[in-house]
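**Student:** Provided below for reference: sequence and predicted model.
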Amino acid sequence: MAVVVAVTLVVSLALAQLLNLDFPGRRVVRWALIVPWAASLIMTAKLFVWIYDYYFGVLNHALVSLGLLARPVDWLGDDATVMGAMIVVGVFVSLPFTTYVLLAGLATIPGEVYEAALVDGASAWRTYRSVTLPLLRPALLVATVLNVIYVFNSFPIVWTLNDRNPGFGHDTTITYMYKIAFKSALRDVGLAAALGVVNVLAILLAVLVYLRAVRWREQEA
Amino acid sequence: MLAGAGQVLALALVSPYLVMVFTALKPAAELRTTPPRLLPAAWQPDNLLAVLGDEAFQSWLGVSVIVAAASTALVILAAVPAAYYTARHRFRGRGAFLFLVLVTQMFAPTALVVGLYREFFELDLINTYTALILTNAAFNLAFAVWMLQAFFASIPREIEEAAAVDGCGRLRALLAIMLPLSLPGIVTAAIFAFIAAWNEYIVALTLMTDAARKPLTVGITTYVTAYVQHWNLLFAASLVAIVPVVVLFALIERYLVGGLTAGSLK
């Protein structure tokens, strides 16, 4: 699941950079970015089950027609692809929030530092690496930690896309807990409650990191 | 060039939802064709009417509206006074209070659902609107308090003092001056709480086992099960649920990040 956070951050960085520029149609792109954020997770997850479908899904058809795949792949039924398929959906629904946080971060960087970099003859890449990224660090930290917390809560995605999996493979600790408590033959409330405590502790850890990151920001200011 | 990149990006973001729209407008016979077609051969907008006329759907929609509206009202009722007081007064434990509120935002219901079930079971509230409304209200309170607190703090205290000098009572100052000024903030908090409750899934899935009391998010999944596969109806119903909240979300877009990252970014 760490992959989701990492990929989300990298893609969001690019998106935020793009949306921070002024170009015709920017409003439309921002609205498009809102859709995966506002739509209910469970409905988006169902939608991807349909898109990934082995026989009738658009994805297989498109990839085979384009010659990218020799034959259809059972994305959600194959142990080798189900994780990747879930990660793609996880990234897709995390992008909007992350991009918005990074956009807010970019907005706090004053224009003068770029002028200074330009005067000093820094290249675009150099400016990005030495000016933008360090100044964006607080926003990046906030985005990272909040994403970690949201991934913990991405229950509907794993629940829906991993539905065909009879065992506990590819479960997150949250869906594992849920299966133990309400679905499996075990119905072991004690074990589920114990897992709940583990989850809460894990989130608490993420929260502490978050608060440290925020305080770090305040001291800088 | 940039505009082109923007268009590609926008298309990539909405393309899964275009599949949703096209599938929602397909007749049942077209769902299982090989090779699959993206666009319906025969457009069938009647699917939307079929869903809207479905009694089960009407019931889910009703539950969603009741739960989302009631929990939003609760959030606003509790958050406005709490946020106003913390914004205007410096009291002992103010920092601790705001900190505690922030921490509750981190604990979304998913991690706590086993405990919640147990708690409502003890209270004999399984399958009641009360349980769902209370849970939704509780989990959306943090965002509302933080956002409104920042909003109230940004309204200069002098405006209220001027009103007092002009002989305006405290309550009247609140209602006639602060309320209109803070309306955008309150509307944003309300819309956000409404959408969060509207989209909530796991608590509803767990607490509402009675078919007549399932909200939309849980109910629509019965369109596609191991036995029936009405993908077109599932997506038609999803569209009815998604379109209004996307529009609401677009309205409050620019206020959102401030509230979600609560005080950590300027």
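**Tutor:** Received, thanks.
**Student:** please count neighbours and contacts with C-alpha atoms only from this point.
**Tutor:** Will do.
**Student:** got any ranges where chain A has weak pLDDT?
**Tutor:** Low-confidence regions of chain A, defined here as pLDDT under 70, cover residues A:1-2, A:153, A:163-174, A:176-190, A:211, A:213-221.
**Student:** 90 - rerun?
**Tutor:** A:1-34, A:36-43, A:45-46, A:49-91, A:93-221 (pLDDT under 90).
**Student:** most distant residue from the middle of it?
**Tutor:** A:Val119 (37.1 Å; Cα atoms, centre = their mean).
**Student:** how close does that residue get to chain B?
**Tutor:** 25 Å (Cα to the nearest Cα, to the nearest Å).
**Student:** swap in A:Val58?
**Tutor:** 6 Å.
**Student:** that residue touches A:Ile51, doesn't it?
**Tutor:** Yes: here A:Val58 lies in contact with A:Ile51, judged by Cα atoms under 8 Å, at a distance of 5.3 Å.
**Student:** where does B:Trp198 land on pLDDT?
**Tutor:** pLDDT, B:Trp198: 93.
**Student:** any idea how many residues pack against it?
**Tutor:** 28 (other Cα atoms under 10 Å in any protein chain shown).
**Student:** again, but for B:Trp43
**Tutor:** 14.
**Student:** give me the element it is part of.
**Tutor:** Assigned by DSSP states H and E, B:Trp43 falls within no helix or strand.
**Student:** now do the same contact list for it.
**Tutor:** Neighbour list for B:Trp43: B:25-27 [criterion: Cα atoms under 8 Å, 6 or more residues apart in numbering or on different chains].
**Student:** contacts only, for A:Val207.
**Tutor:** Counting by Cα under 8 Å, 6+ apart, A:Val207 has contacts A:145, A:149, B:103, B:106.
**Student:** which strand or helix spans it?
**Tutor:** With DSSP H and E as the test, A:Val207 turns up in helix A:189-220.
**Student:** do you know the pLDDT at the residue minimising distance to the centre of chain B?
**Tutor:** The residue lying closest to the centre of chain B (Cα atoms, centre = their mean) is B:Ile195, at 1.4 Å. On pLDDT, B:Ile195 comes in at 91.
**Student:** number of residues surrounding the closest residue to it other than its chain neighbours?
**Tutor:** Using Cα to Cα, 6 or more residues apart in numbering or on different chains and skipping the chain neighbours, the partner closest in space to B:Ile195 is B:Val245 (6.3 Å). By other Cα under 10 Å, the residues close to B:Val245 number 23.
**Student:** thought B:Val245 was touching A:Ala39?
**Tutor:** Yes: counting by Cα under 8 Å, B:Val245 does reach A:Ala39; the two are 7.2 Å apart.
**Student:** re the thing from before, please name the residues that touch the residue nearest to B:Ile195.
**Tutor:** B:Val245 touches A:38-39, B:195, counting by Cα under 8 Å, 6+ apart.
**Student:** quick check: which element contains residue 101?
**Tutor:** Because you didn't say which chain, this covers chain A. Following DSSP H and E, one finds A:Val101 within helix A:79-107.
**Student:** hmm, no, I was thinking of chain B.
**Tutor:** Under the criterion of DSSP H and E, B:Val101 resides in helix B:94-106.
**Student:** sort out which residues of that helix are buried, please.
**Tutor:** Buried residues in helix B:94-106, counting neighbours by 16 or more other Cα atoms under 10 Å in any protein chain shown, are found at B:98, B:101-106.
**Student:** hey, where'd the helices end up in the stretch 1-150 of chain B?
**Tutor:** Ranges of helices in the stretch 1-150 of chain B, per DSSP state H, counting those that start in this stretch, are B:2-24, B:46-53, B:55-88, B:94-106, B:109-122, B:129-153.
**Student:** show me the strands in the stretch 151-266 of chain B, by range?
**Tutor:** Listed in chain order, the strands of the stretch 151-266 of chain B (DSSP state E, counting those that start in this stretch) amount to none at all.
**Student:** contacting residues around the closest residue to A:Leu103 other than its chain neighbours?
**Tutor:** Leaving aside its chain neighbours, A:Leu103 sits nearest to A:Ala16 (5.2 Å; criterion: Cα to Cα, 6+ apart). Contacts for A:Ala16 (Cα under 8 Å, 6+ apart) come out as A:99-100, A:102-103, A:106.
**Student:** having no further points to raise, I will conclude here.
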